[in-house]
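Participant: Predicted model and sequence below, questions to follow.
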Amino acid sequence: MLRHLESLQGFTKEELLGFITRAITLKQERLSGVQHLQLSGKTVGMVFEKVSTRTRVSFEAAMYGLGGQVIFLSGRDTQLARSEPLKDMARVMSRYVDGLVIRTFGQEVVTELAKYATVPVINALTDLHHPCQILSDVMTVIEKKGSIENLKIAWIGDGNNMANSWIQAASIIGFELVMACPEGYDPDSQILESARKQATKPITLVRNPEEAMAGADVVNTDVWASMGQEDEQEERMKIFAPYQVNSDLMAKAPADAIVLHCLPAHREEEITEDVLESDQCVAFDQAENKMHMHKAILEKLIDL
Ligand code: CP
Ligand code: NVA
C-alpha cells in the first residue's frame, strides 16, 4: 500500500516505535557485518531545495547500504526552478524512481507531490516539519534512556519545524513535552491544538526556560534562525539570548539529563561549546542514528 511520510501525523504509536525498533536492529546488524540488500534494484530520487549535510548523506548512505541507488537533484537543477507544476514532476518522477525524498520550504509542496506521486514521498524537512529527524531523535533517547514514555522532554528556543514534529511525536507516542519559547516564536498553533486532543501526557508551552528544565530527562535545542530566516538572525539573537543552553541553564536540569541537538549547531548562540562537547550531549550519536532510521523508513515505505 502506498504510504507517504509527510509528517508524523497519521502514523500510529506502534508504527513509529516500529521504525525505531527496526533502525536499532539495522544498526546492530551493520556493526556485526551483516550485508543488507533489501533495496537492491530500487532507486530513490532526492530533490533538495535547501542545503543539507546530514539528511542528504544519511539518506544516500542508507539507500546504498540497503543495496539501492540514489539520484540527487538540487532544486535549481530541476524544471521546478522554471515553474514546472509539482503535479507534473510528481507523476514523471514516479515513472523513474521507487521513492522521493524532498527537502523544501512550504509543507504544501510535499502535500502536492504526495497527492500526485505513485511512489512514497518522504519529507526530509520543510518549514513546518522535520519528521525523519525526530524519529532519529526519539530512537537516540530510547537507546540512552531505555524508553521514552515516562520521560520529560524539554524543548528550549524556537517553536520551529523541529518543535512541531516533536509535538506530534509526543502526542502519538505519549510522553511529556515542555517547550520554552519566547513570545511570538511559539510552535504552530494548529499542530499544538490537534496534538493536545490526542495526547495522553501534557504538552506544555512556557516562557521561562528554567521552568522547562526542572525535572527534564532530555534537553533539546536547535538554531535560532532556521533556513530561510537568515535575514531575521540579528533580531533573533537578541530575543533568544535568555534561551541559550549553557552550563547555568543545564544546572537547572537533573545531572543525568541528556542534551540533543539535530545539528548544525551555532556555538555560543543556542548552545555553548562546553555543553555541546560535554558527556551529557549525544548530538553525534543522534546524527549517526539518522542513517539507521532512514534505512528503516526506506525499507518500510518502498514497495519491495
Ligand atoms: N539535522 C539535519 O537535518 O541536518 P542537515 O541540515 O545537515 O541535513
Ligand atoms: N530548524 C532547522 C533545522 C536544521 C536541520 C532549520 O530548519 O534550518
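Facilitator: Great, that's in hand. Numbers count the residues shown, from 1 in each chain. Ligands and ions are numbered 1, 2, ... in the order given.

Participant: need the residues of the stretch 1-150 of the chain near ligand 1, please.
Facilitator: The stretch 1-150 of the chain has residues 52-55, 125, 133 near ligand 1, with proximity defined as CB under 6 Å from any ligand atom. Where C-beta positions appear, they are placed from N, C-alpha and C, glycine not excepted.

Participant: at 5 Å what do you get?
Facilitator: Taking CB under 5 Å from any ligand atom as the criterion, the stretch 1-150 of the chain approaches ligand 1 at residues 52-55.

Participant: Buried among these? Make that a PyMOL selection.
Facilitator: To isolate the buried members of these in PyMOL, using 16 or more other CB atoms under 10 Å:
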select buried, resi 52+54+55
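
Participant: Can you give me the distance of H266 to ligand 1?
Facilitator: As for H266, its distance to ligand 1 is 13 Å (criterion: CB to the nearest ligand atom, to the nearest Å).

Participant: Spatially nearest residue to that residue (excluding sequence neighbours)?
Facilitator: V223 (5.5 Å; CB to CB, 6 or more residues apart in numbering).

Participant: Surely that neighbour and L263 touch.
Facilitator: No: counting by CB atoms under 8 Å, V223 does not reach L263; the two are 9.3 Å apart.

Participant: re earlier: what's the burial count for the residue nearest to H266?
Facilitator: Neighbour count for V223, taken as other CB atoms under 10 Å: 23.

Participant: Likewise for S189?
Facilitator: When neighbours are counted by other CB under 10 Å, S189 registers 10.

Participant: With the one 10 residues further on instead?
Facilitator: The number of residues packed around A199, counting by other CB under 10 Å, is 20.

Participant: so how far is ligand 2 from it?
Facilitator: 23 Å.

Participant: One more: L2?
Facilitator: The gap separating L2 from ligand 2 is 27 Å, by CB to the nearest ligand atom.

Participant: just G68 next, same as before
Facilitator: Shown here: G68 relative to ligand 2, a distance of 24 Å by CB to the nearest ligand atom.

Participant: Pretty sure that residue sits against M46.
Facilitator: No: judged on CB under 8 Å, G68 makes no contact with M46 at a distance of 11.8 Å.

Participant: want to try CSV for the residues of the stretch 1-150 of the chain next to ligand 1, with distance to V259 as columns?
Facilitator: Formatted as CSV, those follow (distance: CB to CB, whole Å):
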residue, distance to V259
S52, 22
T53, 20
R54, 17
T55, 20
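
Participant: Among the residues of the stretch 1-150 of the chain next to ligand 1, name the ones in helices.
Facilitator: If you go by DSSP state H, these have 54-55 in helices.

Participant: can you name the two of the residues of the stretch 1-150 of the chain next to ligand 1 that are farthest apart?
Facilitator: Longest distance between any two of those is 7.7 Å, between T53 and T55; criterion CB to CB.
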